[in-house]
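Asks: sharing a model that was predicted from the sequence below.
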Amino acid sequence: MKIIVTGGAGFIGSAVIRHIIKNTNSYVLNIDKLTYAGNLESLAEIEDSANYSFKQIDICDATTIEQAFNEFQPNLIMHLAAESHVDRSIDGPAEFINTNIVGTYTLLEVARKYWQGLDDADRSSFRFHHISTDEVYGDLEGTTDLFTEKTPYAPSSPYSASKASSDHLVRAWYRTYGLPVVITNCSNNYGPFHFPEKLIPLVILNALDGKELPIYGKGDQIRDWLYVEDHARALYKVVTEGAIGETYNIGGHNEKQNIDVVKTICQILDELKPQSNGQPYESLITFVKDRPGHDLRYAIDATKIKNVLGWTPQETFDSGIRKTVDWYLNNLEWCQRVQDGSYQRERLGVQP
């Protein structure tokens, strides 16, 4: 198979590509604009594979996207390209509207034109897989409620609203034009190569630098944590085995309060790399003003993907978070290059 992955230099996208190249015989074309969160170093271990290629393209650029489709002749599209950081969406929502909504529309139109031009056999095997988030559902008030594929949308932030809009566009292109689509909505991902603005890598790296560990509000926000490599396996299974027109929720079965996530990281670091001053890393925790519209609880019901496609996560939170902390401890050079921006300077040919 030939698979186009958009946003393949991002955190989840790079995990998907690494999984496909290392575990299948498929060919992958990675399309990525290479914004601040796009890092080709996350793909270093597979970049020399004959089954992998890369094109730097903005998904809003219809002409160049269409050329890539016609040259590569994909069977499957895995659309992960998106602006995804809630705090950034609050400070500057315009980029989220452009990439997540206009970009998805552009990709859908190019895909529709391409699909309609295929012969019958190729048309029947074509799939457009849109990868989304559980944040489109808003938050959960009860302690036992779960997001299902039928949960009404109630997004809270500009980010989640833009992703909800893109989900609706994908369903409309299926209903109106018959474009063969599948959609997945996932819980919070974590693991290797995570951009350091997100909670888990931020806590690890701040702790190692002896900096404060900022926690919004009381840290009582609850998230369902999904190890990124488990997510990559689920996404490949959905795009190759999922039913057209269906939505699948993907969760890690790991609900944790943010404060407990941070304390767990601190405890692992106390064991593996204690502070030189002898103080526990928890002493660095500080509470800051909560962000506007902060959802209290997310929790995924992943029954459907388990029962229909046979997917379950392999990592518990305890096993996954230890692997994650170990990875960051062993890849501090990668972290440094991300934090100081040198990975971008090299890409753009700019001297430090």
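Replies: Now that the structure is in, tell me what you want to look at. All of these numbers come straight from a predicted model, not from anything done at the bench.
Asks: from Leu226, how far out is Ala299?
Replies: Distance, Ala299 to Leu226, by C-beta to C-beta, to the nearest Å: 12 Å. The way it works is simple: take the backbone N, C-alpha and C, and place the C-beta from them, glycine included.
Asks: which helix or strand in the protein has the lowest average pLDDT?
Replies: Least confident helix or strand, the chain: helix 342-348 with a mean of 48, by mean pLDDT, DSSP states H and E.
Asks: just for the stretch 201-350 of the chain, where's the confidence low?
Replies: Counting by pLDDT under 70, the stretch 201-350 of the chain has low-confidence residues at 341-350.
Asks: ranges for the helices of it?
Replies: 228-241, 258-272, 303-309, 317-330, 332-339, 342-348 (DSSP state H, counting those that start in this stretch).
Asks: and Ser162, how far from Arg127?
Replies: Between Ser162 and Arg127 the distance is 23 Å, computed by C-beta to C-beta.
Asks: more neighbours: which of Ala299 and Leu226?
Replies: Higher neighbour count among Ala299 and Leu226: Leu226, with 28 against 22, using other C-beta atoms under 10 Å.
Asks: tell me the contacts of that one?
Replies: 186-190, 250-252, 254, 313 (C-beta atoms under 8 Å, 6 or more residues apart in numbering).
Asks: so of those, which ones are in strands?
Replies: Among those, the ones falling in strands (DSSP state E) are 186, 188-190, 250.
Asks: just to revisit the earlier point, which of the helices of the stretch 201-350 of the chain sits closest to Asp32?
Replies: Asp32 lies closest, by C-beta to C-beta, to one member of these: helix 342-348, at 10.9 Å.
Asks: could you find the closest non-adjacent residue to Ser162?
Replies: Leaving aside its sequence neighbours, Ser162 sits nearest to Asn100 (C-beta to C-beta, 6 or more residues apart in numbering; 3.8 Å).
Asks: pull up the overlap in contacts between Ala299 and Leu226.
Replies: Common neighbours of Ala299 and Leu226 (C-beta under 8 Å, 6+ apart) are 187, 251.
Asks: re earlier: you'd agree the residue nearest to Ser162 is in a helix?
Replies: Yes: counting by DSSP: H, G, I helix; E, B strand; the rest coil, Asn100 is part of a helix.
Asks: one step back: which two in the contacts of Leu226 are spaced the farthest apart?
Replies: Tyr190 and Ile250 (13.7 Å).
Asks: wait, the residue nearest to Ser162 touches Ala82, no?
Replies: Yes: with contact defined as C-beta atoms under 8 Å, Asn100 and Ala82 form a contacting pair (5.1 Å).
Asks: now do the shared contacts for the two.
Replies: Shared contacts of Asn100 and Ala82, defined by C-beta under 8 Å, 6+ apart, are found at 163, 166.
Asks: can you give me the buried ones in the longest helix anywhere in the chain?
Replies: Counting residues, the longest helix in the chain under DSSP state H turns out to be helix 158-177. By neighbour count on 16 or more other C-beta atoms under 10 Å, the buried set for helix 158-177 is 158-167, 169-170, 173-174.
Asks: circling back: looking at the helices of the stretch 201-350 of the chain, which is buried most?
Replies: By mean neighbour count, with neighbours taken as mean count of other C-beta atoms under 10 Å, helix 228-241 ranks first of those at a mean of 22.
Asks: got the angle between it and helix 317-330?
Replies: Here helix 228-241 runs at an angle of 110 degrees relative to helix 317-330 (axes from the mean of the first three to the mean of the last three C-alpha atoms, to 10 degrees).
Asks: so which residues of the stretch 1-150 of the chain form helices?
Replies: So, for the stretch 1-150 of the chain - with DSSP H, counting those that start in this stretch - the helices run 11-23, 62-72, 86-91, 94-96, 103-116, 120-125.
Asks: and the last one, average pLDDT?
Replies: Averaging the model's pLDDT scores along helix 120-125 yields 94.
Asks: and it, what's buried?
Replies: Neighbour counts over helix 120-125 (16+ other C-beta under 10 Å) mark no residue as buried.
Asks: over to the third one?
Replies: When burial is assessed from 16+ other C-beta under 10 Å, helix 86-91 yields the following buried residues: 86, 88-90.
Asks: let's have those residues in CSV, adding pLDDT.
Replies: Listed next are the buried residues of helix 86-91 as CSV, based on pLDDT from 0 to 100:
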residue, pLDDT
Val86, 83
Arg88, 87
Ser89, 89
Ile90, 91
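Asks: show me which of those is closest to Thr303.
Replies: Of all the buried residues of helix 86-91, Val86 has the smallest distance to Thr303: 26.9 Å, by C-beta to C-beta.
Asks: Gln275: what's it in contact with?
Replies: Contacts of Gln275 by C-beta under 8 Å, 6+ apart are 210, 281.
Asks: phi, psi of it?
Replies: Note on Gln275: backbone dihedrals following degrees, to the nearest 10 are phi -60, psi 150.
Asks: that one and Leu199, how far apart?
Replies: Counting by C-beta to C-beta - Gln275 and Leu199 are separated by 20 Å.
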